Each structure stands twice: as structure tokens, then as C-alpha cells.
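Engineer: Attaching a predicted model along with its sequence, questions to come.
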Amino acid sequence: MAGQVIVIGHPLVQHKLTLMRNKDTSTSTFRNLLREISMLLGYEVCRDFPTTMIPIETPVAPTMAPVLDGKKIVLVSILRAGSGILDGMLEILPSARVGHIGLYRDPKTLQAVEYFFKVPESMGDRDAILLDPMLATGNSAVAAVTRLKATKPRSIKFVCLLTCPEGIKVLHAAHPDVPIYTAAIDERLNAKSYIVPGLGDAGDRLFGTK
């Protein structure tokens with residue numbers, strides 16, 4: 001479905017998100033909350049992934065049982081804040097491959113500038129999950145998806161903690177085929193391109209750099 005946005009409104013997700021929004025939450029608590037909420041988001045993102053039946057033996061009898069082929073999943077972190085979501089996702093998808101896209105936002109143009117890109121080889125039969133806590137202007141997300149599409153993965157999903165109408169519009173104008181998974185759609189962007197009410201700069205709060 002083109003232009004799909006899935007808001008994960010699970011009470012645990014929303015509770016943890018509220019704690020993360022609080023400006024008095026410490027760096028260590030913010031980091032732990034992001035890891036925990038990322039595991040919950042990952043659970044939902046994988047809901048429609050196909051499984052394969054394999055033969056196993058339980059303590060009682062042999063049987064056929066479903067498994068998720070983690071080697072076909074690639075978690076792609078948009079540096080630097082995407083690393084916080086990556087940690088949580090790897091808790092529930094330990095066999096997934098990992099890729100990184102390094103982007104920074106030009107302070108004058110607000111456009112994304114790439115400085116690093118590394119993903120596994122042979123992406124054609126892999127499902128990519130692109131990770132970034134904030135989908136704000138959408139410029140970094142568009143640049144990351146465009147770069148990732150050049151490797152021809154089987155599918156791409158975009159996962160973020162927070163987004164806003166402006167970011168959704170920009171990403172889906174460029175890539176309507178990429179579904180967005182998020183914990184909340186906030187009101188708007190302010191003049192500095194921060195999500196309102198948001199939670200501030202996710203990278204700074206994650207790494208304690210401000």
C-alpha cells in the first residue's frame with residue numbers, strides 16, 4: 001500500500017515514549033528506554049515477515065516448526081542516533097546483518113550530506129529495516145532510502161520513534177512504496193526543524209553531547 005504509516009500505539013510503547021520526552025530524563029535512562037522501545041517496535045515491524053518451516057525435535061517428538069530467517073534481514077542505522085534503535089533491534093534479531101549510513105544535515109540548506117555508507121553484499125534477497133529515531137524534515141530519510149534502493153534490497157521499511165506530517169509528506173513524496181513505522185505522529189516542525197512537542201535532539205540526548 002502506497003504511503004503507508006503504521007503508528008504503534010501499544011501502551012508500553014507510549015509509556016516509555018512519555019518518559020523519553022521528559023526533559024529531566026537522564027542520558028543513561030534515555031538510552032535504556034530507547035533500547036527497550038526499539039525491541040517493542042521491532043516486534044511490530046516483523047509481524048508480516050515470512051517464516052520457513054524446518055524439522056526439529058522437541059523433548060517429546062519430531063515436528064515441523066516455523067523460523068524467521070534472520071540472515072535475510074538487514075538493520076540499517078542512520079548515524080549517529082540510529083545506533084540507539086539498532087541496539088534494541090539486535091536484541092530480538094541477533095542474526096540480522098547490519099548496515100550503516102552516515103548523514104549530517106547541512107545547517108544552511110538543511111539537506112542531508114552523506115559521509116559514510118556500508119551495507120552487506122548481495123542485498124537483492126534481503127529485507128532492509130532503516131532506523132532513525134526522528135523523521136523530521138524527511139531530507140535525511142529520503143537520502144538514505146534513495147542510497148539504499150541503489151543496492152536493490154527485496155524490501156525497505158523505515159522505523160522511527162517520532163515523526164510529524166511534514167516528514168511523512170516528504171518521505172512518501174519521494175518513496176511512496178516505503179512504509180513508515182513510528183510510535184507517534186507529533187504536531188509539526190518548528191522554525192529550527194525540530195519536532196513539536198518532540199523530545200529534543202535524539203542524538204544529543206542519547207550520547208549526552210549537550
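Structural biologist: In hand now; what should we look at? Numbering: from 1, shown residues only.
Engineer: use CA for all of it now, contacts and neighbours both
Structural biologist: OK.
Engineer: Might you report the residue contacts of residue 156?
Structural biologist: Residue 156 makes contact with 127-130, 145, 178-179, according to C-alpha atoms under 8 Å, 6 or more residues apart in numbering.
Engineer: ok, for it, nearest residue in space, not its chain neighbours?
Structural biologist: residue 128 (4.7 Å; C-alpha to C-alpha, 6 or more residues apart in numbering).
Engineer: In three-state terms, label that neighbour for me.
Structural biologist: At residue 128 the chain is in strand, as set by DSSP: H, G, I helix; E, B strand; the rest coil.
Engineer: Residue 4: which of the contacts of residue 156 is nearest?
Structural biologist: Distances from the contacts of residue 156 to residue 4 were compared by C-alpha to C-alpha; the smallest belongs to residue 179, at 4.8 Å.
Engineer: For that closest one, give its distance to residue 73.
Structural biologist: 16 Å (C-alpha to C-alpha, to the nearest Å).
Engineer: quick one on the thing from earlier: roughly how far does the residue nearest to residue 156 sit from residue 202?
Structural biologist: In this view, residue 128 and residue 202 are 22 Å apart by C-alpha to C-alpha.
Engineer: so residue 23 sits right up against residue 199, yeah?
Structural biologist: Yes - using C-alpha atoms under 8 Å as the test, residue 23 is close enough to residue 199 to be in contact (7.3 Å).
Engineer: now the strands for the protein?
Structural biologist: 5-7, 52-57, 62-67, 73-79, 97-105, 112-118, 127-131, 134-135, 155-163, 180-185, 188-189, 195-196 (DSSP state E).
Engineer: what about residue 23 and residue 199, which has more around it?
Structural biologist: Neighbour comparison, residue 23 and residue 199: the larger count goes to residue 199, with 18 against 11 (by other C-alpha atoms under 10 Å).
Engineer: For the residue nearest to that one when sequence neighbours are not counted, give me its contacts.
Structural biologist: Spatial nearest neighbour of residue 199, chain neighbours left out: residue 21 (4.4 Å); criterion: C-alpha to C-alpha, 6+ apart. Applying C-alpha under 8 Å, 6+ apart, one finds that residue 21 lies in contact with 198-200.
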